[in-house]
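need coordinates for the following:
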Amino acid sequence: MYADEKNIQILTGVLKESRIRKAVLSPGGSSAPIVQSFQHDSFFECYSAADERNAVYFAAGIAQVTGEPVVCVCTAGTAASNYLPGMTEAFYQNLPVVAVTADSAPYLLGQLELQKINQENIFDGVVKKHVTLPAVLSETDAWACNRMVNEAVLALSHHGSGPVHINVQITQTLACSTRCIPKQRVIRRYQVPEADYESLHLKLSGKKIMAVAGQGLKTDEKFLAVCGRFYEMYDCMFAVETVSNLRCPGAAAVYPLIETGAVGEGREFVPDIVISIGNHIASYQLKQFLRKHRESVESWVVHESGEVRDPFWCCSSIFEGEAGEFFERLLACGSRQNPQNRHLYCRRWKGLYDRCDFQAEVFSSLSIARILSKTMPEGALLHTAVLNSTRVMQFSDYLEHQRVQYFCNLGALGTDGCMAAFMGEAAAADSLAYLLTGDLSFFYGMNAAGMRGMKNNIRIVLLNNGGGEEFKIKMDYPDMEEFVCARNTLSAKGWALECGFSYFTASGHKETEKILEAFSRPSEKPMLLEIFLDMDKDAQAIREMYRRNSRKPGRGKHGLKSGIRSAAGKLLSGKSLKKAKEIYEIIRS
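The predicted structure is shown next:
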C-alpha cells in the first residue's frame with residue numbers, strides 16, 4: 001500500500017520513474033507513510049538504519065561504490081538535524097544522496113508543538129538543491145510537487161554530482177491505503193551537443209510545432225537563417241511578441257490572437273510539440289492555452305542555463321545549450337522530411353490574424369501605438385513600460401515594421417525601474433531610443449529623466465490617463481479610483497522642461513503623427529510627448545477590441561466565425577474573394 005498523501009505519491013512515483021532504487025529508511029511516525037510507500041514497492045531496495053546520523057553516511061558509502069543516487073528518509077524534528085554531518089560529507093565528496101525529511105503540520109511551527117522545528121533550508125551550504133513539497137489540494141499543487149521533485153532529481157548530477165534535500169509537508173493523513181500511484185512525469189536534461197537528434201528529428205516530423213520565442217534571444221543574421229531553415233524543414237511556426245525581437249520566416253504574432261480569445265476553443269491551433277527559446281513572454285493567456293491542453297502537448301525547453309523551466313506544465317525535455325546550435329543539429333539530420341509541406345500550421349495562425357480587426361478608430365493608446373510603430377526609424381529601439389504599454393504595442397502590426405528592437409522589464413514585471421532601464425539603454429545606444437510609458441510608471445521613476453549625461457537621442461511617449469488604467473481593463477470593483485487606480489491629475493510638463501526636454505502634447509491622430517514624425521529626426525534636445533487620455537474611455541476601447549475579436553463564449557455576439565462568408569466579411573476592405581477562399585482552406589485543413 002502507498003501513502004494517501006498525494007505529495008508522497010508524487011515523490012515516490014518520480015523517484016521510481018527516475019530509476020532511483022536504493023533507499024535507507026529510519027524509524028519514525030511522521031515519516032511512516034513515506035517509508036511504507038517505499039517498503040511495499042518491490043522496485044525499491046530498502047535498508048534500515050535506526051540512527052539518522054549513520055543513515056546518511058551509510059548511503060554515502062553505497063553511492064561511493066555504485067555511483068548511483070541513494071535516498072534517505074527520516075521523521076520530523078531533530079532526526080532531520082542529525083542528517084547534517086553525513087550531508088556535509090556527501091557534498092564535499094560530490095555524492096548523489098537524496099535526503100527526504102517528513103515535515104508534519106508545518107503551520108504549527110513556533111506554536112509550542114512537540115517535535116516541530118524549521119526544516120526548510122536546514123542543509124544550506126551543503127546541498128545542491130532544496131525543495132519543500134506542499135500538501136496537494138489542487139491541480140496547481142500537484143504540478144508544483146512534480147516539478148520540484150524533478151528539479152531535485154536533475155540537480156543530483158547537473159554540473160557535477162552532489163546531495164539534495166526534499167522536505168515533505170504532511171498535513172492531511174498518515175494513512176497508507178492507496179493500492180497504486182499515478183504514473184508521474186519525468187523531466188530529462190540533455191546537453192545540446194550530446195542529444196539524440198535522429199530520434200528528435202523523427203519525433204518532430206509530421207507534427208505541429210510551436211517554437212515560443214521569449215525575451216533575450218540573440219537574433220543575429222546567423223540565428224535568423226537557422227530559424228528560416230528550421231521553418232522550411234518542419235510544419236512549425238514561431239510564436240513571437242515584440243520583445244522576442246525575432247523576425248524570421250514562420251514568425252506569427254500570437255499575442256493578439258491568444259489574449260483576445262480569437263482562437264476560441266479551436267483545437268486546430270494546439271501544437272503537438274512546443275519548443276521554448278529565450279526567456280519571459282508577455283502573454284499570460286498563451287500559458288493558460290497550452291496548460292489547458294498539456295495532456296496532448298509535449299514541451300521542450302532550450303536554454304543555456306539548463307534550469308527547469310515549465311511555464312506550460314508539460315515540460316519533458318531540457319536541452320542545455322544555445323537554441324541556434326540545437327536547431328542546426330536537427331537540420332543536419334536530413335533533408336526536408338515532407339516536400340509537400342505547405343506550412344499549414346503557421347498559415348492557420350496567420351490566416352486567423354488576417355481575419356481579425358485590431359484597429360482602433362477612436363483616439364486611444366491602441367491607435368497611438370500603431371502610429372508610433374509606423375513612425376519609428378530603422379535601427380531605433382523601443383522600451384515599453386509594463387502591462388498596458390507593452391500590451392498595446394502587440395497590436396501594432398510590428399511584424400510589418402522589422403526595423404525596431406524592443407525591450408521591457410519582463411523579468412520581475414514591476415512598475416518601478418522602467419524609466420531608469422530605458423535611460424541606460426539610451427545611453428548605450430547609437431540610435432534613437434523610444435520609451436512608451438503610462439503615467440504611474442513615469443512618475444514612479446521620474447528622477448531617472450534628470451540623470452546627468454542624458455543624450456539627445458531620447459524620445460519619450462507618455463500616455464497620461466490619470467492613473468492605473470490596467471486595473472480598469474481587468475477589474476470591475478466599486479470605488480477603485482482613489483486607491484487601486486491611484487487616480488491623479490499630474491502632468492510631466494514642468495519636470496520635462498526642468499530636465500532639458502523639448503516638450504510636446506497632442507490630442508488627436510494627425511497631431512500625434514506629426515509630432516512622432518518629428519521625433520524620428522535628429523534633435524538638439526531629448527524629446528517628450530505627453531498625451532492626455534481618459535482612463536475609462538481608453539480602457540473601454542481596449543475591451544471593445546477584445547470583445548470584437550473573441551470567439552470565447554460570453555464575450556459578445558461579435559465573436560469570430562469560421563466559414564467562407566464570415567472570412568470574406570471580416571477581412572479588411574479591399575481583400576479579394578480569392579484571399580478569403582485561401583484562408584477558408586487553411587482553417588478547414
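
give me the below-cutoff pLDDT ranges for the stretch 351-500 of the chain.
402 (pLDDT under 70).

what about the helices in it?
Secondary structure of the stretch 351-500 of the chain by DSSP state H, counting those that start in this stretch: the helices cover 365-375, 388-393, 418-428, 439-444, 469-474, 493-498.

which helices and strands sit right next to the fifth one?
Put plainly, it is helix 469-474. helix 388-393, helix 535-549 (3 or more C-beta pairs under 8 Å, 6 or more residues apart in numbering; DSSP states H and E). (Glycine included, C-beta is placed from N, CA and C.)

residue 467: which of those helices is closest?
Nearest to residue 467 among these is helix 535-549 (5.5 Å), distances taken as C-beta to C-beta.

buried residues in that closest one?
Neighbour-count burial for helix 535-549, counted by 16 or more other C-beta atoms under 10 Å, picks out 535, 538, 539, 541, 542, 544, 545, 546, 547, 548, 549.

name the nearest residue to the fifth one, sequence neighbours excluded.
If you skip the residues right next to it in sequence, residue 542 has residue 473 as its closest partner in space, 5.5 Å away by C-beta to C-beta, 6 or more residues apart in numbering.

quick one, what contacts that neighbour?
Contacts here follow C-beta atoms under 8 Å, 6 or more residues apart in numbering; on that basis residue 473 touches 388, 539, 542, 543.

low-confidence stretches in the protein?
Ranges of the chain meeting pLDDT under 70: 335-341, 402, 553-589.

one step back: could you dump the buried residues of helix 535-549 to TSV with distance to residue 298?
Formatted as TSV, the buried residues of helix 535-549 follow (distance: C-beta to C-beta, whole Å):
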residue	distance to residue 298
535	43
538	41
539	38
541	39
542	34
544	37
545	34
546	30
547	34
548	34
549	29
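
in JSON lines, list the helices and strands packed on helix 469-474 along with distance to residue 429.
Listed next are these as JSON lines, based on distance: least, C-beta to C-beta, whole Å:
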{"stretch": "helix 388-393", "distance to residue 429": "18"}
{"stretch": "helix 535-549", "distance to residue 429": "30"}
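
with residue 78 as the reference, name the closest of those.
Nearest of those (C-beta to C-beta): helix 388-393, 50.4 Å.

summarise which helices and strands the closest one is packed against.
Counting by 3+ C-beta pairs under 8 Å, 6+ apart, the packing neighbours recorded for helix 388-393 are helix 365-375, strand 381-384, strand 433-438, helix 469-474, helix 535-549.

show me the longest helix that occurs in this structure.
The longest helix of the chain (DSSP state H) is helix 139-155.

tell me which strands whichever helix or strand comes after that one pairs with, and in which orientation.
Beyond helix 139-155 in the direction of the C-terminus, DSSP states H and E gives the next helix or strand as strand 164-170. Partners of strand 164-170 in the sheet, by DSSP bridges, are strand 97-104 (parallel), strand 129-133 (parallel).

which one of these is the most hemmed in?
strand 97-104 (a mean of 27; mean count of other C-beta atoms under 10 Å).

from the chain's centroid, how far away is that strand?
30 Å (C-alpha atoms, centre = their mean, to the nearest Å).

in the stretch 101-250 of the chain, which spans are strands?
Ranges of strands in the stretch 101-250 of the chain, per DSSP state E, counting those that start in this stretch, are 129-133, 164-170, 188-191, 209-213, 236-240.
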